[in-house]
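Asker: here's my sequence, what's the structure:
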Amino acid sequence: MVAIYALTTVLVVFAIGEFCSSRTNAILSQPFVAAILLLAYFWLGFPKTLVTDAGLSTLGSVASGVLIASVGTTINLKELARQWKTIVISVVSVSAGVIGIIIVGSMIIGREQAIAGAPIFSGSISAVIIMSDFFNARGMEHLSALCSMLLTVQTFVGLPLSTIMMRRAAADFLKDGRNLALYSNSAVSAEGAKKKLFTLPESLSTSVIILAKLAITASVANVLAGFTNGVIHYLVMALFMGIIFTCLGLLDENAMAKTGCAGLFMVLILASLFENFSYITPQDVLGMLLPIVVVLGLGSLFTGIVAIVLAKFMKMNPYLAIALGLTCMYGFPTTLYISQDVAKAYGKTEEEHTALSNYLVPKIVTAGIATVTIASVIIASYAIKLL
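Answerer: Predicted coordinates for the structure are as follows:
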């Protein structure tokens, strides 16, 4: 396909998604609608090289580090200190989901399929690679295919469930007027200003310079992550470097918003991720329907139950707690975009929008990183020992 036609198609798909999101108060989030439309596009026989022809495949993967570094610019140290609850709830609830799949799922779809699917529920492409390598080496390609299918299909389960939970959490948040003052941008900025060591001139805060500083931050994170030999994932390091550089004054607070490029970056990244849908056929989905339903159903159920219990003990909104656990089903960058989407839909004023963004985005993004980037790899490494 001609590059400009391909790019136009992708942009129109995401534009329709944004329109649907705004009209439904994020019940139909932009990533969910875009994913459905792209899947239908490929199933109708249109070119499967759409994303590549548009020149977005490489750009999307490169943009992830820059975008996650910008997320760090929205988190102050006090908020980060509060994130231990987010990490505990998300990791423990997802682990409960995995255990539920293995124990109960084995009785329904068999031990091999249950153990194959459990780590994939926790969400990482790295988990798929670990499990697929194990199965392919032993001539069990059908289980390898199940892993790939689960990673693709679970987005369609996780996105609507998470959107509903975040919408309920956002509505509860706005009922208490004190939350607006607590999470207002002015309060965050005032606190962060006390900790800055450097004050850069305003001339270094143009859109292009901010993007350059974010890219430098992501590059530094990549180097530092390399020193850990993969123990700390690149995106995890990018998040922390974004926080540190913002506290030092080297990065602007809420940097990506100041560039006006947030929407473009999200399209680049999501389009590159959704390119995987071109390899999935309706027959593939039907043939693996039962194990997919069992794995995703049991995983969501056990994750939600444990999240509610933990929320009660940790004094967190139960709907938000469930959403934190369900981030394993789609991960970053969708965690960032869907939380922003809900904040935009429910924030009727600038103050409400800002407060909701400060309340939802750091927690949802942190949860996604904790589950998809860290927990899933550990779970997959352990799961293959059970086979």
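Asker: when you work out contacts or count neighbours from here on, use the C-alpha atoms and nothing else.
Answerer: Noted.
Asker: C-terminal to the worst-scoring helix or strand of the chain on mean pLDDT, what's the next element?
Answerer: In the chain, no helix or strand scores lower on mean pLDDT, DSSP states H and E than helix 185-193, which sits at a mean of 47. Downstream of helix 185-193, the first helix or strand assigned by DSSP states H and E is helix 207-227.
Asker: now that following helix: how far from the chain's centre is it?
Answerer: Relative to the centre of its chain, helix 207-227 is centred 20 Å away, using CA atoms, centre = their mean, to the nearest Å.
Asker: stretch 306-320 now?
Answerer: When distances are taken as CA atoms, centre = their mean, stretch 306-320 is centred 20 Å away from the chain's centroid.
Asker: got it, and stretch 357-368?
Answerer: Centroid separation for stretch 357-368 versus its chain: 10 Å, with CA atoms, centre = their mean.
Asker: list of residues touching it?
Answerer: Residues outside stretch 357-368 that contact it (CA atoms under 8 Å, 6 or more residues apart in numbering): 71, 74-75, 83, 86-87, 90-91, 183-185, 323-325, 327-328, 330-332, 335-336, 339-340, 343-344.
Asker: got the confidence number for Val71?
Answerer: Val71 is assigned a predicted lDDT (pLDDT) of 76.
Asker: check which helices and strands the helix or strand harbouring Leu286 is in contact with.
Answerer: In the assignment (DSSP H and E), Leu286 maps to helix 282-287. If you count contacts as 3 or more CA pairs under 8 Å, 6 or more residues apart in numbering; DSSP states H and E, helix 282-287 packs onto no helix or strand.
Asker: residues of that helix that come out buried?
Answerer: Residues of helix 282-287 classed as buried by neighbour count (16 or more other CA atoms under 10 Å): none.
Asker: which SSE is immediately downstream of that helix?
Answerer: Heading C-terminal from helix 282-287, the first helix or strand you meet, by DSSP H and E, is helix 289-314.
Asker: would you mark the buried spots in that following helix?
Answerer: So, applying 16+ other CA under 10 Å, buried residues of helix 289-314: 291-292, 294-308, 310-311.
Asker: how close does Val236 sit to Ile243?
Answerer: Going from Val236 to Ile243 by CA to CA, to the nearest Å gives 11 Å.
Asker: okay, these two: which has more neighbours?
Answerer: Ile243 (23 against 20; other CA atoms under 10 Å).
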